[in-house]
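K.L.:
Pasting the sequence and the predicted coordinates here, then a few questions.
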Amino acid sequence: MKSHAWPRASTLAASAAVATVLIASGLPSAAQEGVEEPVATLAETAEANPEAAPEATAEPTPTEPSEVVAALEEAVATKPVAGCEGACTVTAGEYVLRLPEGEGPFPAIMLLHNAGEDAEGVAASPLVDAVFLAKGYAVIAPRGLPKPYAGDVEESGWRLEGTETGGRDDLTFLETVLADAAARHGIDRDRVLLTGHGVGASLVWEAACLDPELASAYAPRDGGFWGALPEDCAAPVRLLHMHAPGAEGWPLTEAVDGADGVADQQPIQAHLALARAANGCGESRPIETSLPAGHDALGWPDCESASDLQLVLHQSAGHTTEVLMRHMLEWFAAGEATN
């Protein structure tokens, strides 16, 4: 499996204000333009990514072997996909669909692949069967188009704000995919969780902040806005961000200036401040979950009706572990039950 490919910086991107970390009484908080945003004590030990990788082919250095990756690679060539013969086709592109047993309409998980990956590989993951299909959720994996990345590399990916990726309007494409899946394949358009990692997570954040009606809930994993952050988000949303502090990938508390043409990366702390403001949430606090050791959760209570905000920090070697996927699904289902 490939690591992050790094989008080139847009010549039009403006520099964003960066949240400043203040440590007081064991509770860090960020001050941005005079407005304090709480950050949990569990973030204190997280290390921000010191610099963006200049090459699109840079490989991560996992701390332990990934059994999921090995199983995924083995499954890609052998596991059939249901819903269409091969990929489903819409005007602007293609998507892979996996359907659970039974009669629809089905709630759905839309999975956005990272740069250099593909829809078939995402849809063929053993976790799709073990976690999503087994619980009655359909899986939709849209196909990204070739995009230019730093180091003169072209790989599959998504058009992202603040970068030179360009091309198809991918938020409109996702809307088209969901409309097609609902009309032809029994997907419940009102019960869709959008998730992705790497540049897939970047597009999840863009959808959540700029086009919040696209999905019912959002779960970006180790990725966020490139270039400048938007001034604010359009509306309250349900959002769960999963993050591996200190891992190759995305900064938690401090922005990373792009190097060798790579777009700047904005810290997840500032993303959460945007979401908190849009949701009208209260102060952050640690919350209890069923997650095992090595996983910590932070929640923002008293959000506006039907919105939610949660951060999970984990030490997993992979972005897509069974523990994280089960927690994500439990979080999504719990929100549906209360809304």
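P.N.:
Yep, that arrived.

K.L.:
Could I get the contacting residues of A182?
P.N.:
For A182, the contacting residues are P105, D188, R189, by CB atoms under 8 Å, 6 or more residues apart in numbering. All C-beta spots, glycine's among them, are computed from the backbone N, C-alpha and C.

K.L.:
can we see that at 10 Å?
P.N.:
Each residue near A182 by CB atoms under 10 Å, 6 or more residues apart in numbering is listed here: G104, P105, F106, A108, D188, R189, D190, V192.

K.L.:
name the helices or strands packed onto the helix or strand harbouring P148?
P.N.:
Element membership for P148, per DSSP states H and E: strand 145-149. Packing partners of strand 145-149 (3 or more CB pairs under 10 Å, 6 or more residues apart in numbering; DSSP states H and E): strand 153-157, helix 170-185.

K.L.:
between these, which gets nearest to L133?
P.N.:
helix 170-185 (13.9 Å; CB to CB).

K.L.:
any idea how far that closest one is from the chain center?
P.N.:
19 Å (CA atoms, centre = their mean, to the nearest Å).

K.L.:
With adjacent residues omitted, what lies nearest to A134?
P.N.:
P100 (7.6 Å; CB to CB, 6 or more residues apart in numbering).

K.L.:
Quick check: the one you found touching F132?
P.N.:
Yes. With contacts counted by CB atoms under 10 Å, P100 reaches F132, the gap being 7.8 Å.

K.L.:
Identify the contacts common to those two.
P.N.:
P107, A108, A138, V139.

K.L.:
Number of residues surrounding the third one?
P.N.:
Taking other CB atoms under 10 Å as the neighbour definition, A138 ends up with a count of 27.

K.L.:
gap between it and A108?
P.N.:
Remark: distance between A138 and A108 (CB to CB, to the nearest Å) = 4 Å.

K.L.:
hey, what's in contact with both of these two?
P.N.:
L97, R98, L99, P100, F132, A181, H185, G186, I187, D188, R191, V192.

K.L.:
still on that earlier bit, output the helices and strands packed on strand 145-149 as TSV; include the columns distance to H241.
P.N.:
Shown next, in TSV, are these (distance: least, CB to CB, whole Å):
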stretch	distance to H241
strand 153-157	20
helix 170-185	19
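
K.L.:
weakest of the ones you listed by average pLDDT?
P.N.:
Least confidently modelled of the helices and strands packed on strand 145-149 is strand 153-157, at a mean of 85 by mean pLDDT.
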